[in-house]
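In: how would this look folded up:
(one chain, ligands or ions: 1)
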Amino acid sequence: MNKTEYMEMGEKNILHVYNRYKLVLEKGEGVYLYDTEGKKYLDFAAGIAVSAFGYNNKKYNDALKDQIDKLIHVSNLFYNIPSIEAAQKIVKATGFDRVFFTNSGAEAIEGALKLAKKYAYNKKGSNDYEIIAMNHSFHGRTIGALSVTGNSHYREHFMPLMPGVKFAEYNNLDSVKELISDKTCAIILETIQGEGGIYPATEEFIKGIRRICDDNNIIMICDEIQCGMGRTGKLYAFEHYGIKPDVFTTAKALGCGVPVGAFVARGEVADAMVPGDHGTTYGGNPLACAAVSRVYDMFESHEILSHVNEVGRYLEEKLEEISKEFPCIIERRGKGLLQGLALKKEKSAGEVINKAMDNGLIIISAGGNVLRFVPPLIITKENVDEMTEILRKSL
Ligand SMILES: *Cc1c(COP(=O)(O)O)cnc(C)c1O
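Out: Numbering: from 1, shown residues only. Next up, the predicted model:
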């Protein structure tokens, strides 16, 4: 079948919730993707910040192949070695105490919200609890995660959602303080807003939230699903701010392509959940956790964080240069290898992205007409040069 036939068959059989780019991707090698016509693309999307080691990485693939031949699934009624090892590695690398594995980012958010509610219930003995979330946030598409997603466009057709959620202004501490009540059980925020348009939190904001949570015995949840796993040059982005949340969520690059997420909590909070409170059939299965475990090993052996710091700084410089050259660019925002270029209304991000694809570069957008750059973490400075050349042409 040719590309058009594949696209038609997909449109006929798959639920229509995406306007897809007109590419049928077939294989990948390093930081390049290939479509069904053999055309090569430099990938600055990484499957939306997922494929940290790019494509067809032997060390990663071998871990999965070995695990497939041993054991793929057993359920959480039994122990399995990959999940035990993967959890141990996360605990050791972060200094948190307990991990719950999920199959997606949204499910990690669901679990974190349940944990905050249960913790509050144990403390105060009632469950009429409120959660403060942020405008322009994105936490996922399930009902609970959608309830804390601050984008009315995603929410409006699915009301009523989970009650008790209030939205504050990101990077505006006073707007958070105004919403605190004796019923608030959690404040949830992305350490760097991704889908909403690549907005890093200010230090004052993150530290202020930590203080509010400490003073009021409220759970602080950092959503690190997009900005975590080394993308900003620290394993988790909250480390830039010198604080620790009570709970954080992780997914996307956690399994580098195998569907897996997790919520991770400090001990006293984690202990609020007891047998029967939460569960999952697939979550933490041997195949997914073999991926997580190998990804953590590769983060260490490849010194990926120092690489991201170096190449991230270079990407930032190059994007700054471009934003000075092109008047259609309002500003560059981001940290490390999570970068955005905000465009003026006259210049549609979608059009630039389509031109870039014609020119052999894959980039994606984020909310509010922003070009988003979330390449594999193994990208080199030469790859950045290649990207900027195509981007100039496409702008
Ligand atoms: C992608 C994302 C999610 C949702 O993850 P899914 O795996 O798509 O459910 C949640 N929060 C943030 C910050 C994300 O970027």
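In: ok, the closest residue to residue 229 other than its chain neighbours to the ligand distance?
Out: In this structure, residue 229 finds its nearest non-sequential neighbour in residue 253, 3.8 Å apart by Cβ to Cβ, 6 or more residues apart in numbering. Quick note: C-beta positions are derived from backbone N, CA and C, even for glycine. Residue 253 sits 11 Å away from the ligand, going by Cβ to the nearest ligand atom, to the nearest Å.
In: show the contacting residues for residue 253.
Out: For residue 253, the residues meeting the contact criterion (Cβ atoms under 8 Å, 6 or more residues apart in numbering) are 46, 49, 50, 51, 52, 228, 229, 230, 231, 295, 377.
In: tell me the secondary structure at it.
Out: With DSSP: H, G, I helix; E, B strand; the rest coil as the basis, the three-state label of residue 253 is helix.
In: do stretch 179-195 and the ligand come into contact?
Out: Yes - judged by Cβ under 6 Å from any ligand atom, stretch 179-195 and the ligand are in contact via 190, 194, 195.
In: chain center to that stretch: distance?
Out: 17 Å (Cα atoms, centre = their mean, to the nearest Å).
In: right, and residue 388 touches residue 325 too?
Out: No - Residue 388 lies out of contact with residue 325 (Cβ atoms under 8 Å); the separation is 10.2 Å.
In: of those two, give the one with the bigger neighbour count.
Out: In this view residue 388 and residue 325 are compared by other Cβ atoms under 10 Å, and residue 388 has more residues nearby, 17 against 10.
In: name the helix or strand for the residue nearest to the more buried one when sequence neighbours are not counted, please.
Out: For residue 388, ignoring the flanking residues on the chain, the nearest one in space by Cβ to Cβ, 6+ apart is residue 318 at 4.8 Å. Here residue 318 is covered by helix 304-325, with elements defined by DSSP states H and E.
In: now what about that helix, what contacts it?
Out: Applying Cβ under 8 Å, 6+ apart, the external contacts of helix 304-325 come out as 52, 230-235, 298-299, 329-332, 334-337, 339, 341, 373, 375, 377-381, 384-385, 388, 391-392, 395.
In: so which of those residues are in helices?
Out: With DSSP state H as the criterion, helices contain 298, 299, 381, 384, 385, 388, 391, 392 from among the contacts of helix 304-325.
In: and for the last one, the neighbour number?
Out: Close neighbours of residue 392, defined as other Cβ under 10 Å, add up to 13.
In: distance of the closest residue to the ligand within the stretch 101-250 of the chain relative to residue 293?
Out: In the stretch 101-250 of the chain, the residue that lies nearest the ligand is residue 105 (2.2 Å; Cβ to the nearest ligand atom). Computed with Cβ to Cβ, to the nearest Å, the distance linking residue 105 and residue 293 is 19 Å.
In: which one of those two has more residues nearby?
Out: Shown here are residue 105 and residue 293; by other Cβ under 10 Å, residue 105 has more neighbours (28 against 24).
In: state the distance from that one to residue 391.
Out: Between residue 105 and residue 391 the distance, using Cβ to Cβ, works out to 28 Å.
In: can I assume residue 164 is in contact with residue 181?
Out: No - taking Cβ under 8 Å as the contact criterion, residue 164 and residue 181 are not neighbours in contact, 10.1 Å apart.
In: tell me, what's touching those two both at once?
Out: Residues touching both residue 164 and residue 181 by Cβ under 8 Å, 6+ apart: residue 130.
In: who has more neighbours, these two?
Out: It is residue 164, of residue 164 and residue 181, that has more neighbours when counted by other Cβ under 10 Å, with 15 against 11.
In: got the confidence number for the more buried one?
Out: Predicted confidence (pLDDT) at residue 164: the value is 97.
In: tell me which residues touch it, please.
Out: Residues in contact with residue 164 (Cβ under 8 Å, 6+ apart) are 128, 129, 130, 131, 183.
In: how about the residue nearest the centre of the chain: what's its closest non-neighbour residue?
Out: Centroid-nearest residue in the chain, with Cα atoms, centre = their mean: residue 226, separated by 1.9 Å. Counting by Cβ to Cβ, 6+ apart, the nearest residue to residue 226 once its immediate chain neighbours are dropped is residue 194, at 3.7 Å.
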